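K.L.:
make a model of this:
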Amino acid sequence: MEASRLGDRARSKLIRLLSDDHPEPGPWVGRLKSLSDLENAPVFADAVRFLFHLKVGDAEAEGLLDRVLDHRRILTRVLGRDPGLRVAAMDYLRRPNGRPGRTRSQGCRTGACFKTLSTPRSAAAAVTGGR
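P.N.:
This is a model prediction of the structure:
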């Protein structure tokens, strides 16, 4: 895993891209790839570190962003509204191994996938890992 090699100007561009919580997935990923090619730097790893506070390699980060964007699309369909990138990421990442299990295919249709976050105490536990 490499440290960020982004200059100030490229870092500002990345932060502007990441400030949109409801990006259009195709063009958004395309802009990240363009910035990565232009800067020859691990832009996807920087994006994941900034958005989700995770340190992963660039290829793994690109795959994770794709999975989170796909999960956001599923949540949008299930909820009837766009929950945004950060909420989709929190929902995706709180699951064991980042896998949705049966709740993605069955429970989310009935709202069961959100039952663990139904009370303030359980919501806090989901974010803090039960601490």
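K.L.:
residue ranges of the strands in the protein, please?
P.N.:
Per DSSP state E, the chain carries no strands over any range.
K.L.:
what helices or strands is the lengthiest helix in the chain leaning on?
P.N.:
As assigned by DSSP state H, the longest helix anywhere in the chain is helix 58-79. Packed against helix 58-79 by the contact rule (3 or more CB pairs under 8 Å, 6 or more residues apart in numbering; DSSP states H and E) you find helix 25-39, helix 43-52, helix 85-93, helix 108-110. Bear in mind the C-beta positions are built from the backbone N, C-alpha and C, glycine included.
K.L.:
contacts for the second one?
P.N.:
Think helix 43-52. Contacts with helix 43-52, where a contact means CB atoms under 8 Å, 6 or more residues apart in numbering, come from 1-2, 4, 6, 10-11, 14-15, 17-18, 32-33, 35-36, 54-62, 64-65, 85-86, 89, 93.
K.L.:
the same query, at a cut-off of 6 Å, please.
P.N.:
For helix 43-52, contacts defined as CB atoms under 6 Å, 6 or more residues apart in numbering pick out 4, 18, 32, 35-36, 54-56, 58, 61-62, 64, 89.
K.L.:
run through the protein and note the low-pLDDT ranges.
P.N.:
1-4, 96-131 (pLDDT under 70).
K.L.:
domains for it, by residue range?
P.N.:
8-93, 100-131 (automatic domain parsing).
K.L.:
quick check: end-to-end length of the first one?
P.N.:
Counting by CA to CA, to the nearest Å, you get 29 Å between the two ends of domain 8-93.
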